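Chemist: Whatever this is, show me its structure:
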Amino acid sequence: MNLRAEEEAAEHAQRLETMQTERADLTGAIARLRQGIDELNGEGRERLLAAFDVINGHFKTLFEALFQGGQAELRLVESEDPLEAGLEIYACPPGKRMATMSLMSGGEQALTACALIFGVFLANPAPICVLDEVDAPLDDANVDRFCNMLDEMRSRTQTRFIAITHNPVTMSRMDRLFGVTMAERGVSQLVSVDLRQAEAMAAQ
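Modeler: Numbering: from 1, shown residues only. Presented below is the predicted three-dimensional model:
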């Protein structure tokens with residue numbers, strides 16, 4: 001005969017009640033967590049689609065300006081859910097058919113990428129933008145288009161652009177040049193030229 005049976009039964013009942021309370025708390029927490037995730041996903045979808053529309057609009061405009069015509073657009077692919085969809089770039093320079101960016105020439109791809117990068121940039125401009133050899137794959141005609149786009153970006157934003165380049169066409173379109181020279185062996189010296197001031201002096 002177990003003399004502690006009643007006492008043990010009370011302990012087990014109390015432990016069972018505690019576990020049931022904890023289970024209810026966990027179930028409630030899981031439900032709240034799932035609701036929170038659903039709300040975040042919903043807000044994320046709205047923000048993503050809103051940003052996508054803005055960037056797509058800038059991309060289309062910049063592409064047409066760079067190529068002096070043609071069409072381009074961004075498309076969400078492979079899923080109806082924007083959070084799981086992939087991104088595909090469709091473009092056609094003047095006189096060509098609309099196709100994915102991968103079917104374009106190297107120079108066309110570089111200009112299209114510039115249009116996309118600056119389309120994203122226009123959605124949320126930064127105070128400073130560093131462009132490292134962006135013009136390297138472009139021929140002189142396309143470099144001139146690239147520089148025209150930089151001028152357009154400067155007029156539409158308060159951003160200061162720093163272009164790292166070896167291209168003389170790009171350098172000739174900048175306000176100021178910075179370079180490093182070695183006047184003496186082993187001694188590097190920074191050189192700065194204000195092109196606008198130099199042009200003004202040359203005109204006198």
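
Chemist: C-alpha only now, for contacts and for neighbours.
Modeler: OK.

Chemist: This structure: helices as residue ranges?
Modeler: Along the chain, the stretches classed as helices by DSSP state H are 5-67, 106-123, 140-156, 168-172, 195-203.

Chemist: taking these together, which one is wrapped up most tightly?
Modeler: Mean neighbour count (mean count of other C-alpha atoms under 10 Å) peaks for helix 106-123 among the helices of the chain, with a mean of 19.

Chemist: Report the rounded mean pLDDT for that helix.
Modeler: For helix 106-123, the mean pLDDT works out to 88.

Chemist: the domain parsing of this protein - what is it?
Modeler: Annotated domains of the chain cover 18-124, 125-170, 174-204 [automatic domain parsing].

Chemist: Tabulate those (a markdown table), appending distance to E7.
Modeler: Formatted as a markdown table, the domains of the chain follow (distance: least, C-alpha to C-alpha, whole Å):
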| stretch | distance to E7 |
| --- | --- |
| domain 18-124 | 17 |
| domain 125-170 | 71 |
| domain 174-204 | 88 |
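
Chemist: what sits against the most centrally placed residue in the chain?
Modeler: What sits nearest the mean C-alpha location of the chain, by C-alpha atoms, centre = their mean, is V120, with 4.9 Å. Contacts for V120 (C-alpha atoms under 8 Å, 6 or more residues apart in numbering) come out as 55, 58-59.

Chemist: returning to what we had before: now render the helices of the chain as TSV, adding distance to T181.
Modeler: What follows is the helices of the chain, written out as TSV (distance: least, C-alpha to C-alpha, whole Å):
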stretch	distance to T181
helix 5-67	34
helix 106-123	30
helix 140-156	25
helix 168-172	16
helix 195-203	18
